[in-house]
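Novice: please work out how this folds:
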Amino acid sequence: YNYEIATADTINVTHLHALILYCDFIAFYQAFMSTFYKRHWHESLSCLKQRHSKFYHCAKYLRECVQYFGEQIVSSAHHTHIHQPRVFYVGVARVTHIPSSSIYLNAPISVSKHANVIMHYAHDDGMMLQL
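Specialist: I've put the predicted structure just below:
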């Protein structure tokens, strides 16, 4: 992906605005997240793309925040890229079977270092994952 960001650039106010919208405004968050999934099984891909296109700029800035300015956290038995183990928690709306301990997420998620923050937003029929 070509970010068109100069190597010496730092995160800017537009990126921070996108983060604040995503993190602090639940109605915006829900509307944005609904554009990553079909509303119903027979919704066309072009309709889904049309809905998501309304959030193009915010999605672009959030992606840059994570993939360009973010920090990759990789740990393995032979090589650790972090100095201390980091634990993050994420809430999932419903109990889901996850067949592998190694997952790749291709949509934005909200995580916290504090389990109680995630529990505050948890649904009765959901679950919390420790990443």
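
Novice: which residues touch I5?
Specialist: Residues in contact with I5 (CB atoms under 8 Å, 6 or more residues apart in numbering) are 64, 68. In this view, the C-beta of every residue, glycine as well, is placed from N, C-alpha and C.

Novice: now the strands: where do they sit in the protein?
Specialist: 89-92, 111-112, 127-130 (DSSP state E).

Novice: deepest in the core, which of those strands is it.
Specialist: Neighbour counts (mean count of other CB atoms under 10 Å) averaged over each of the strands of the chain peak at strand 89-92, with a mean of 17.

Novice: which other helices and strands contact it?
Specialist: strand 111-112, helix 115-121, strand 127-130 (3 or more CB pairs under 8 Å, 6 or more residues apart in numbering; DSSP states H and E).

Novice: among those, which comes closest to G70?
Specialist: Proximity to G70 (CB to CB) singles out strand 111-112 among these, at 11.9 Å.

Novice: hmm, who's touching the closest one?
Specialist: Taking CB under 8 Å, 6+ apart as the criterion, the residues outside strand 111-112 that touch it are 88-90, 118, 131.

Novice: quick one: those as JSON lines, columns for pLDDT too.
Specialist: JSON lines is the format used below for the contacts of strand 111-112 (pLDDT from 0 to 100):
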{"residue": "F88", "pLDDT": "83"}
{"residue": "Y89", "pLDDT": "85"}
{"residue": "V90", "pLDDT": "83"}
{"residue": "I118", "pLDDT": "81"}
{"residue": "L131", "pLDDT": "78"}
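
Novice: for I26, state which of those is nearest.
Specialist: Using CB to CB, I118 comes nearest to I26 of the contacts of strand 111-112, at 14.7 Å.

Novice: so the closest one sits right up against G91, yeah?
Specialist: Yes. Taking contacts as CB atoms under 8 Å, I118 lies within contact range of G91: 4.6 Å.

Novice: pull the distance from the helix or strand bottoming out on mean pLDDT in the chain to the chain's centre.
Specialist: Every helix and strand in the chain was compared by mean pLDDT, DSSP states H and E; the lowest is helix 115-121, with a mean of 79. Taking the mean of its C-alpha atoms, helix 115-121 sits 16 Å from the chain's own mean (CA atoms, centre = their mean, to the nearest Å).
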